[in-house]
Every structure is written in C-alpha cells, then in structure tokens.
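# Just a sequence and a predicted model for now, questions to come.
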Amino acid sequence: MMVATWIDTVFGGLDLSVFTKMHALAVWAGENAGAEITSWLTHFMKFISFFAHDGLCMFALGVLLMLPKRTRKLGVCVFLAVCCGGIITNLTVKPLIGRMRPYANFDHLAGQVHEWWVAVGEARKGEGVFTSFPSGHTTSATAAMVGLFLASKRKKFTFPVLLFPLLMGVSRIYLMVHYTSDVLAGLVAGTLGGVAAYFITRAIFRALDAHRDNKVCRFALEFDLFLWIKEKCTPKEKA
C-alpha cells in the first residue's frame, strides 16, 4: 500500500491531466452523464477493451495460430507471452502493489474520476478495486502483440500489430478503470512477457527440431489441422 501511495503522489498530475482530456474527448463525442451510453466512442472503447478481458481473446489467438504448421511458432509465442505477462502482472505485481482503482480512490482522484467513470457506463463493475497497477488488459495485449512481432519472419508486415496495445491502453484510461501510469506499467510488463516468451519459444522449437526422430516431437512440428481436415473431407478417387 505504501508503494501504491507513492505512485499516486508521483504520477498524480499526469494521471489527472490525461483523465481530464479523456473526459473532454468523451463529451466531444456526445457522452452524457447518466446510466445509458450515448457516445459511439464509448461503445468503441468498450469493444476494444473486450479483446483483452482476462486475456481470453489473446489466448484464443495463440491457439488458432498454433493449428496450422506454418504459423505454429507464432501461436506458441503468443500463448506463452500472455502467460508470462499474466505471471508478471496478475500473479506478482498487482497483489504486491494493491493500488486502488481511480474511480474508487476517494483519497486521491476519485472526486473527479468517479463521476466520469459513471458517465462512460461504469465499465466492469465486478473488477477488483485493488488491482489497478499495472493494467492487466494492457499487459495481455502488449505481451501477445510483442510476442507475435518478435516471432514473425515478416516484421514489416506485422509491425502494425504493435499499435493494438496502445489502443488498448487508451481504452482503459478512457473508461476510467486505469490510470495512465497503470497503462505505462502494463506496456512495460507486457513487453517483458513478450520478450521472455520469444526466447522460450525459440528454445522449445530448437529442442523439438533436435529430437525430430521422436514421434511426439515430429507431430508437434509437422501436424497441420487444416490440411488434415482437407484430406479427410476430400473424396478419394476410386481405383
């Protein structure tokens, strides 16, 4: 809690300044204080935020990329990156810091932020109050996209995926569920998770390739679910 108070003090000016600008953006887009969302921008931010809820969509992306042989290494790296990011953020830093969410911290900024939080639909009321630092959504999105970028052989085409974590972070601040400092920490934690996953993935595939004679290792390297389905669905010609 002492660390959380220190973070509140050091980053208080930055956090309030960005919240104020985000609220002004919401008002500009047509958001009104009240129970119902009235701005297309708020709906869009909630839509973006959904994709990193508990890391589920990021995990799903990793699994889907694992199914074809051609993108298996990408999928493994994305999956492991989300795991590494979760270990850093959700299992380690969040419980240690215990920073209160901006809309609930009435000793800090909640006097202004709570009202703004209500105005954008009180996003995910069930979120833990003391789990603000770092942003788990930003960590998950960053880890997955950094892992995808590092594992890709065509980086000039995958470079745009790195914009997604930034958009995720903006959505979390816009919805008043995370401070800017939470998002910045999430970007760092996610990057560390993505880098760690990249090196773990390289080690795994080197080990699999070194033991290619083993049936399990060969299966892990060569099996392609989509080709298998195609073969099963293709009628065999009669002799």
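Here it is on my side, so go on.
# C-alpha from now on. contacts and neighbour counts both.
Fine.
# Centre of the chain to the helix or strand hosting G13, how far?
Following DSSP states H and E, one finds G13 within helix 2-28. How far helix 2-28 lies from its chain's middle: 21 Å, per CA atoms, centre = their mean, to the nearest Å.
# orientation of the following helix or strand past that helix relative to helix 2-28 in degrees?
Following helix 2-28 in sequence order, the next helix or strand is helix 40-50 (DSSP H and E). Using axes from the mean of the first three to the mean of the last three CA atoms, to 10 degrees, one finds that helix 40-50 and helix 2-28 are set 140 degrees apart in direction.
# What average pLDDT does helix 40-50 get?
Over the span of helix 40-50, the pLDDT mean works out to 92.
# Show me the helices in this protein, by range?
Residue ranges of the helices in the chain, as given by DSSP state H, are 2-28, 40-50, 56-66, 72-88, 94-97, 110-119, 136-151, 155-158, 163-174, 180-210, 215-222, 225-233.
# how much distance is there from the last one to the middle of the chain?
In this case it means helix 225-233. Distance, centroid of helix 225-233 to centroid of chain: 32 Å (CA atoms, centre = their mean).
# then that helix to CSV, C-alphas only?
Only the C-alpha atoms of helix 225-233 are listed here, as CSV (Å, rounded to 0.1, in the frame of the first residue of the first chain):
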residue,chain,number,x,y,z
LEU,A,225,-5.0,-29.4,-38.6
PHE,A,226,-6.4,-27.6,-41.7
LEU,A,227,-4.5,-29.9,-44.1
TRP,A,228,-5.7,-32.9,-42.1
ILE,A,229,-9.3,-31.7,-42.3
LYS,A,230,-8.9,-31.1,-46.0
GLU,A,231,-7.6,-34.6,-46.6
LYS,A,232,-10.4,-36.1,-44.6
CYS,A,233,-13.1,-34.1,-46.5
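# pLDDT value on the closest residue to W116 other than its chain neighbours, please?
In space, and not counting its chain neighbours, W116 is closest to H23: 6.6 Å by CA to CA, 6 or more residues apart in numbering. Reported pLDDT at H23 in the predicted model: 92.
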